[in-house]
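# Next come a sequence and a model predicted from it.
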Amino acid sequence: MELKSNIPEGKIATKWENYRGKMNLVAPNNKRRLEIIVVGTGLAGASAAATFGELGYKVKCFTFHDSPRRAHSIAAQGGINAAKNYQNDGDSVYRLFYDTVKGGDYRSREANVHRLAEVSRNIIDQCVAQGVPFAREYGGLLANRSFGGVQVSRTFYARGQTGQQLLLGAYQALSRQISLGNVEMYNRHEMLDLVKIDGKARGIIARNMLTGKSERFPAHCVVLATGGYGNVFYLSTNAMGSNVTAAWRAVKKGALMANPCYTQIHPTCIPVSGEYQSKLTLMSESLRNDGRVWVPNKVEDAEAIQRGEKTALDIEESDRDYYLERRYPAFGNLVPRDVASRAAKVACDEGKGVSKTGLAVYLDFAAAIQRYGKSAAISQGIKNPNDDKIIELGEAVVKEKYGNLFQMYEKITAENPYKMPMKIYPAVHYTMGGVWVDYNLETNVPGLFCLGEANFSDHGANRLGASALMQGLADGYFVIPYTVGPFLSKEIRTPQIDANSPEFLAAEKETNEKLERLIKIQGNQSVESFHRRLGKIMWEYCGMARDAEGLKKGRQMIRDLRAEFYNDVFVPGEVNEFNPELEKASRVADFLELGEVMMLDALDRDESCGGHFRSEYASEEGEAKRNDEDYAYVAAWEWDEIEPKVHKEHLEFKDIELKTRSYK
Amino acid sequence: MKIHLKVWRQRNGESKGYLEDHQVEADEHMSFLEMMDVLNEDLVSKKETPVAFEHDCREGICGSCNMVINGQPHGPDSGTTTCQLHMRSFKDGDTVVVEPWRAVAFPVIKDLIVDRSSFDRIIQAGGYISVNTGQAQDGNAIPIEKGRSAFAMDAAECIGCGACVAACPNASAMLFTSAKVAHLGTMPQGEVEQSTRVQSMVKQMDLEGFGMCSNTGACEAECPKGISITNIALMNRQYAGSVLGSEKSV
Ligand SMILES: Cc1cc2nc3c(=O)[nH]c(=O)nc-3n(C[C@H](O)[C@H](O)[C@H](O)COP(=O)(O)OP(=O)(O)OC[C@H]3O[C@@H](n4cnc5c(N)ncnc54)[C@H](O)[C@@H]3O)c2cc1C
Ligand code: FES
């Protein structure tokens, strides 16, 4: 299969504008007759559904949540990037484009990323107009902060709840379209299959989770915006319900899963504390603006801390290793996530971890509290403040900036992070891989589009902080409303799609059979226990460091686990009722297939790049060693129970020179 | 630690509910929901039906979780959602009663899960600013005073969980509705539509069967995000103003 990226001709800087100016559009009277299904109401889905509604399309929108406002996007904390250059610090569309391609370790598609950087500016304008209460300066203008992997300040934020505020903006725009009758909203409906007619995506089968009945929904095209699959690792920072099912069922109908092994492991999360743990909590990257990461220099000190005989405060300044500042002087604590995570692993592998389990490093705010305290004393005209006063003033500044994160930390750990450095460790956070799409965000199945975290398109092998929110809203507000044009403009004569066609009936039947099968197993082990075991295999063999031997072993273990699942899982209740255990079982079944493809993908890629670190391919200093000669491609996987197959899209770098990524 | 649980069980909206007794072996570092996971794992291992409860983010932001714990929405700790509550807030041997939100406008679906779509319909009635994609001017075109923006943000932090309704003796949704009204109306972008917004949102709130506000302040006390009842006062003033305004214009 040849993968056509459909990147328009022309110079990178004007490609999108020219393409948009010349592409086929759908006239307003025709839009009213065309139906679009949008699955997902996160930033990508809600913004797309609202905009389609505004444009006059007939939209049906689906979420498995009880309300569109609960999508996982709500949990994003730190911020959203945009090349506004409001700070006059040298930012530009080109710089955001460059930073993103470099941050992604040269494994993303240039043209897509450039478009993303261009529309980033419109996003901020749109969100402000919707009433998103972004942080502001005293003069009333928008404030910015810095995120990792860049040297400008381009991140817009709303306290530590940026995702919440952006999602509420999109949710409100969607609510307006619902009230106007342009969007029909289906809450508590889970997409379980894609329906194709004559090779084109023409609708979905969704299970009404309240009644348990599967229902048929036809449309002229289908847009998936169903989020990432980090929960394949069981423990992640994702919301408990996040899953791969919609994307995976599309893959089983012929779409391709691209770069599934590119997983982002976020360096600053609250460490695992016990076996019962259900999820991990992120401490936003924005904290690295002011927090300094360190471990003790001496293994003896670390061991004393692990045994609870010493605390961070007992370690002299000269006995601390601020390893990020030491190893990466140019970026310091603000290196990209993959680099910071690996460095934490190295420190802990050397025995310098600082928790009972030895799997934690410090994130310390003492220096920031001092610095802010001193400058607050000056600005408040306090002469010769004593230490206590400085700390009091400094803590107040830190509280204003990160108060809700500090509070969240304290609630979980029962430790006061103003007095004692935070303990953090890397955790699974985001998936760069996803459904393969072309420049139009269309998959290889005509009429099936994919947006947001669910697609693979913009972040290469590592995503920079505050870029997922940007991508979700770029895709939904400013890209897909145009790029459905080339497909839909050819469909204006297609009558309403028939939900009683044989294709729909067959898909509905198949969906019901799959669900029945899960209930009928009546084995002895819970769904949760399988999910947890899968997560452990994934973390062990396809986590922060991978090697060929482990990946082969991991693959086999997953295949065995899958067989065991279909023999011995226990799902209570019936199909035709509200049945949360059944929902979980059907999602875990998909994770059990996806996990295998992730292992295969990681095995296929004999290089290290971004979040994909193969221990066999490392420089002497332990940095990732890419192989551009052989691996500058997107690996797009076709599912097969016996032997999944890879298709390749070669990546061309015309506007950015391929270089070894350096943050030193 | 041993916890004696009394959990609300209800098969569906039509059937009658009851409190069911369970013993759970918990750890003080567990979150309340992880303790519920332990209970459910145990039920599944005995081939019984686990307790259905709503949850997703487990970090206090999505607004999914909703348990009334020993009579208090989201339990004993202030400024905390159910998912953020930890077992260290309880003692070994405690009896803990877990029930769903109770309100006419939040009918029970199963066990601890209720239908909160009435909140969505209140937002659909006017909880937005009417601007289409692409119609916006530059983000810095209108400076907004820092304090004003912070006030809007305080109100915008509402997570739509419904604890305010569950806490209110009249099951009123005034805190939820007024928070959105205050958020949007405080920003210059949202001022234009404020009077129609207030009227339609209040009208929808009444239609959904939420009760009247009698100023008990219980909503504010139980709100996990500390949304202030000054928003209610603000909305009442604007509602009165908007009704007068529309009468004048007739
Ligand atoms: C804790 C945390 C903090 C983060 N902070 C930041 C940040 O500061 N900046 C940043 O840029 N990024 C951040 N991210 C990443 C970012 O939040 C996500 O990548 C992004 O929000 C994903 O948006 P989405 O619209 O693609 O998907 P989601 O928000 O995950 O939405 C998925 C939607 O699809 C629906 N859905 C899924 N499957 C089905 C199905 N089968 N049937 C029906 N509906 C379905 C769901 O109900 C939901 O509505 C953070 C992520 C986490 C976990
Ligand atoms: S589960 Fe999201 S707020 Fe509790």
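Received it, and whenever you're ready, just let me know what you need. Ligands and ions are numbered 1, 2, ... in the order given.
# least trustworthy helix or strand in chain B by mean pLDDT?
Here the helix or strand of chain B ranked lowest by mean pLDDT, DSSP states H and E is helix B:230-249, holding a mean of 82.
# What residues of it count as buried?
B:231, B:232, B:234, B:235, B:238, B:239, B:242 (16 or more other CB atoms under 10 Å in any protein chain shown). All C-beta atoms are positioned from the backbone trio N, CA, C, and that covers glycine.
# Likewise for stretch A:266-278?
Buried, per 16+ other CB under 10 Å, within stretch A:266-278: A:266, A:267, A:268, A:269, A:270, A:271, A:273, A:277, A:278.
# Same check on stretch A:176-184?
A:176, A:177, A:178, A:179, A:182, A:183, A:184.
# Could you pull up the residues touching the last one?
Under the criterion of CB atoms under 8 Å, 6 or more residues apart in numbering or on different chains, the contact partners of residue A:184 comprise A:59, A:60, A:61, A:178.
# Can you add distance to residue B:64 and give the buried residues of helix B:230-249 back as JSON lines?
What follows is the buried residues of helix B:230-249, written out as JSON lines (distance: CB to CB, whole Å):
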{"residue": "B:231", "distance to residue B:64": "23"}
{"residue": "B:232", "distance to residue B:64": "25"}
{"residue": "B:234", "distance to residue B:64": "28"}
{"residue": "B:235", "distance to residue B:64": "26"}
{"residue": "B:238", "distance to residue B:64": "30"}
{"residue": "B:239", "distance to residue B:64": "30"}
{"residue": "B:242", "distance to residue B:64": "33"}
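# out of the residues you listed, which one sits closest to chain A?
For these, the residue nearest chain A by CB to the nearest CB is residue B:231; the value is 14.1 Å.
# Verify the contact between the closest one and residue B:184 for me.
No: here residue B:231 lies out of contact with residue B:184, judged by CB atoms under 8 Å, at a distance of 11.5 Å.
# ok, what's across the strand from the residue nearest to residue A:448 when sequence neighbours are not counted?
Ranked by CB to CB, 6 or more residues apart in numbering or on different chains and with sequence neighbours excluded, the top spatial neighbour of residue A:448 is residue A:201, at 3.7 Å. Beta-bridge pairing for residue A:201 (DSSP bridges): residue A:196.
# Would you mind confirming that residue A:201 makes contact with residue A:442?
No: Residue A:201 is beyond contact range of residue A:442, at 9.4 Å (criterion: CB under 8 Å).
# Which one's more surrounded, these two?
residue A:201 (28 against 23; other CB atoms under 10 Å in any protein chain shown).
# Could I get the pLDDT score of the more buried one?
Residue A:201 is assigned 98 on the pLDDT scale.
# With residue A:284 instead?
Looking at residue A:284, the pLDDT reads 89.
# For it, give me its contacts.
Contacts of residue A:284 by CB under 8 Å, 6+ apart are A:77, A:78, A:160, A:268, A:402, A:405.
# 7 Å instead, please
With contact taken as CB atoms under 7 Å, 6 or more residues apart in numbering or on different chains, residue A:284 is in contact with A:77, A:78, A:160, A:405.
# Tell me the secondary structure at the second one.
When the structure is reduced to helix, strand and coil (DSSP: H, G, I helix; E, B strand; the rest coil), residue A:78 reads as coil.
# Give the burial count for it, as a bare number.
Neighbour number of residue A:78 under other CB under 10 Å is 26.
# Quick check: which element contains residue A:303?
helix A:299-306 (DSSP states H and E).
# what helices or strands is that helix leaning on?
For helix A:299-306, the elements it packs on are strand A:292-296, judged by 3 or more CB pairs under 7 Å, 6 or more residues apart in numbering or on different chains; DSSP states H and E.
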